[in-house]
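A.B. asks: No letters, just coordinates:
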């Protein structure tokens, strides 16, 4: 009997979990909007710290981490079995925490500290800062390689990417990219092997980096003030948000041929592919909406209301699309 | 331990002046309802070099390439010393009755903003009239920590809001008086 109830509960939880969720940091509301992407609306608003920007959803989706640049802290949000959320803790984290990335196991959270030119390491069991990594100036976006060995950090004011060895927690290389790099994405399925994709805000382009040689191999021209890059799981399509052009650029992920520039809404920023790979979601800071783009048709199909001034900078989808 | 603390303090001092994007981006959205159809209202604001014809604080706004993307207009204000700055047209969509432009650089004493972009649009309000929407995105006038009061977030937002209100209210006056 107990086993049966347990099974029924698990099935229920599974059903609840199956509907993909977007965790959108609403910088103007000091909150995170939890958007059910199947239903197409906000299902819960969770108050976090001051001016939230960065977000990272843990593997499995039970934890969501949010950076609060003006609260100088990280909010740790937990998803309960019934699908509701609670803030577990707000951890003091340097001077200007912005970009977030989790290691592949979810045990370490990396926090880019914009003002202090370092990355803090948070142990997600202890919920405490356990280390610091010196990087370049004004670190922002970050990504971890799926083999859990390397962390790539965009140094916005150094025009470079720091490569951090996750065993020693030291920066071991610095790769020159375009001007003012911001969003960083690791794509394991490039045409020539894994690649790191970097949005360069001021040069208006995307750097493609070969992580094996640690060199930039290609530069893709996009529109004004690109912010973040997303790749489909198979690497066949690349999407880039252009903040000042109110658009999303699309490339063939294998040939790098530009396919489209899709008009979206004002200041598209955080960007992610839905777990089923059919849609791309872009948070539009100016218009307080999430733009939904059809991956095949390359058209915006709908807009979902978010909270005030959404940023969604980081991995904001549960379950993790990878 | 003492050595580390000293090193950290030195790093903090050295690092502070180079920050270029620490503050949070500000957003202002102002609108005005006008009892005239979209085409009539759009006719008032559609020319990028026509700002001085409808904005009461602007003395002149000559543009080098009209409504072509990339066109630069020199905005001269009605103020002692003729303060001015350039605005660059980024997008122009006549069908949507909307255009977007930016200010590459401006003296914060003239307008206390950084990385400023703006979009002005005329929308059908569904009641036979129009809504003019003017949106701005920018950082405050002082990009480091601890801004002086005249260059902080509130002062910068108030300045932009003031510019938008004065312009929008005058568009309404011009449109509804039929001039």
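C.D. replies: Looks like it came in fine. As the structure is a prediction and not an experimental result, all values here were calculated from the model. Numbering: from 1, shown residues only, chains lettered A, B, ... in the order given.

A.B. asks: all helices in chain B, in order from the N-terminus.
C.D. replies: Here chain B has its helices, by DSSP state H, at B:2-15, B:38-45, B:51-54, B:153-177.

A.B. asks: Kindly reformat the ones you listed as JSON lines containing mean pLDDT and mean neighbour count.
C.D. replies: (Each C-beta comes from the backbone N, C-alpha and C, glycine too.) Output for the helices of chain B, formatted as JSON lines (pLDDT from 0 to 100; neighbours: other Cβ atoms under 10 Å in any protein chain shown):
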{"stretch": "helix B:2-15", "mean pLDDT": "43", "mean neighbour count": "10"}
{"stretch": "helix B:38-45", "mean pLDDT": "98", "mean neighbour count": "18"}
{"stretch": "helix B:51-54", "mean pLDDT": "98", "mean neighbour count": "18"}
{"stretch": "helix B:153-177", "mean pLDDT": "96", "mean neighbour count": "18"}
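
A.B. asks: in the chain, what secondary structure element scores lowest on mean pLDDT?
C.D. replies: By default, I'm working from chain A. Every helix and strand in chain A was compared by mean pLDDT, DSSP states H and E; the lowest is helix A:2-18, with a mean of 50.

A.B. asks: could the helices of chain B be laid out in CSV, adding distance to residue A:46?
C.D. replies: CSV is the format used below for the helices of chain B (distance: least, Cβ to Cβ, whole Å):
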stretch, distance to residue A:46
helix B:2-15, 32
helix B:38-45, 40
helix B:51-54, 43
helix B:153-177, 24
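
A.B. asks: Select, out of the ones you listed, the one closest to chain A.
C.D. replies: helix B:2-15 (5.5 Å; Cβ to the nearest Cβ).

A.B. asks: Now the stretch 1-150 of chain A against chain B: closest residue?
C.D. replies: Closest point on the stretch 1-150 of chain A to chain B, by Cβ to the nearest Cβ, is residue A:51, at 5.1 Å.

A.B. asks: Any figure for the gap between that residue and residue A:34?
C.D. replies: 19 Å (Cβ to Cβ, to the nearest Å).

A.B. asks: in which helix or strand would I find the residue positioned nearest the centre of chain A?
C.D. replies: With distances taken as Cα atoms, centre = their mean, the residue of chain A nearest its centroid is residue A:314 (1.6 Å). Using DSSP states H and E, residue A:314 sits within strand A:313-315.

A.B. asks: neighbouring contacts of whichever helix or strand comes after that strand?
C.D. replies: Moving toward the C-terminus from strand A:313-315, the next helix or strand (DSSP H and E) is strand A:317-318. Strand A:317-318 is touched from outside by A:20-23, A:57, A:61, A:64, A:79, A:272-275, A:281, with contacts defined as Cβ atoms under 8 Å, 6 or more residues apart in numbering or on different chains.

A.B. asks: please redo it, this time with the cut-off set to 6 Å
C.D. replies: With contacts defined as Cβ atoms under 6 Å, 6 or more residues apart in numbering or on different chains, strand A:317-318 is touched by A:21, A:22, A:57, A:61, A:272.

A.B. asks: Likewise for stretch A:138-147?
C.D. replies: Contacts for stretch A:138-147 (Cβ under 6 Å, 6+ apart): A:98-99, A:101, A:103, A:110, A:112, A:114, A:151-157, A:182-186, A:188.

A.B. asks: from the residues you listed, which ones fall inside strands?
C.D. replies: Residues of the contacts of stretch A:138-147 located in strands (DSSP state E): A:98-99, A:101, A:110, A:112, A:151-155, A:182-186, A:188.

A.B. asks: Tell me how many other residues surround residue A:23.
C.D. replies: Residues within reach of residue A:23, counting by other Cβ atoms under 10 Å in any protein chain shown, total 26.
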